[in-house]
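# here's my sequence, what's the structure:
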Amino acid sequence: MKKLAILSAFAAMVAFSSCKKDINEPTDQIPDSMENMIVPVDFNWKTTKDYQLTLEAPSMGIVEVNSLQNVNFQKAYLQPNQAYTMKLTIPSYEKSIKLRFSGQEVTLELNSGNLNHKF
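Next comes the predicted model:
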């Protein structure tokens, strides 16, 4: 019984002495309003980008503009040999889009504000 009491006291001492709180732990200051936030001057708050996409096809049909993860951004009906221009607003993290028309699938890089493609 005496051994059990000594072992219990030793185990309790080890358990309580191993758990110590760090006193010098840095705390992040969370601003309470937008005016108190420190943001770089060149920070871009915009979460979307606007593109002008001009498409042309040899036949009529529906074109789909999708992300690489198949999220549909826009659909349009194309007339044969007529340019169709659409304003496309997509998330700024997207770097390319997929175009689907009549069984064709094309990846288009988003490298400028004006994009063109002929099927």
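# list the contacts of stretch 107-119.
By Cβ atoms under 8 Å, 6 or more residues apart in numbering, the residues outside stretch 107-119 that reach it are 49-58, 63, 68, 90, 94-99, 101-102, 104, 106. Bear in mind the C-beta positions are built from the backbone N, C-alpha and C, glycine included.
# mind checking how far that stretch is from the chain centre?
20 Å (Cα atoms, centre = their mean, to the nearest Å).
# dump the C-alpha coordinates for that stretch into PDB.
Provided in PDB are the C-alpha atoms of stretch 107-119 (Å, rounded to 0.1, in the frame of the first residue of the first chain):
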ATOM      1  CA  THR A 107      -7.700  25.300 -72.500                       C
ATOM      2  CA  LEU A 108      -7.100  29.000 -72.800                       C
ATOM      3  CA  GLU A 109      -4.500  30.900 -70.700                       C
ATOM      4  CA  LEU A 110      -5.700  34.100 -69.000                       C
ATOM      5  CA  ASN A 111      -2.700  36.100 -69.900                       C
ATOM      6  CA  SER A 112      -4.400  39.400 -71.000                       C
ATOM      7  CA  GLY A 113      -7.700  41.300 -70.600                       C
ATOM      8  CA  ASN A 114      -8.700  40.600 -74.300                       C
ATOM      9  CA  LEU A 115      -8.900  36.900 -75.300                       C
ATOM     10  CA  ASN A 116      -9.700  35.500 -78.700                       C
ATOM     11  CA  HIS A 117     -10.400  31.900 -79.900                       C
ATOM     12  CA  LYS A 118     -11.600  30.400 -83.200                       C
ATOM     13  CA  PHE A 119     -12.900  26.800 -83.200                       C
END
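# thinking again about what came up before, out of the contacts of stretch 107-119, which sit inside strands?
49-56, 63, 90, 96-99, 101, 104, 106 (DSSP state E).
# mind listing what Leu99 touches?
Contacts of Leu99 (Cβ under 8 Å, 6+ apart): Leu55, Val63, Glu64, Val65, Asn66, Glu105, Val106, Thr107, Leu108, His117, Phe119.
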